[in-house]
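J.: The following comprises the amino acid sequence and a computationally predicted model.
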Amino acid sequence: MVAKFRGWTIEANEEVKGSYCVIEGKHYIFTPYRLGKSCNCCDGCDCIKDSIETNTLYEVHRKTVGQFTGLEDKNGKEIYEGDMVMADSLYGWVTPRTVSEFGLNIRNMSDDTFEVIGNIHELLEK
């Protein structure tokens, strides 16, 4: 399975989800998310060409890129690195190891326990 990512575009500062690659030092997410494929800069596949032709290549801020954890919250919302989650009265950030700064390990909780309440990128703008 190919990894799925989220980031915020440089042009419109909007959230986009899909595959991720770096081309000549610039960071991109391209949509729609293509199962079973990766980008041209990763192991030589050809899906980056398709993305450019269909205008689905978005340059994103590098620091906003987060990988999908493979988990969903109790409302069915996908959980990405950089999300803030709440479980009962505990709050924490989702990090690359899915363990927050506050010790909240979302891998050990059932889906009906936690909820995404925001993400670091939107919260820092406020």
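T.: Cool, the structure landed.
J.: Tell me the buried residues in the strand or helix carrying residue 67?
T.: Residue 67 is part of strand 66-72 when elements are defined by DSSP states H and E. Neighbour-count burial for strand 66-72, counted by 16 or more other CB atoms under 10 Å, picks out 66, 67, 68, 69, 71. From N, CA and C alone the C-beta is placed, and that goes for glycine too.
J.: any idea of the mean pLDDT for that strand?
T.: Taken as a whole, strand 66-72 has an average pLDDT of 87.
J.: which strands and helices sit next to that strand?
T.: Other elements packing on strand 66-72 under the criterion 3 or more CB pairs under 8 Å, 6 or more residues apart in numbering; DSSP states H and E are strand 5-8, strand 78-80.
J.: By mean pLDDT, flag the weakest helix or strand of the protein.
T.: When each helix and strand of the chain is scored by mean pLDDT, DSSP states H and E, helix 47-53 comes last, with a mean of 46.
J.: Burial check on residue 88, number of neighbours?
T.: The number of residues packed near residue 88 is 9, by other CB atoms under 10 Å.
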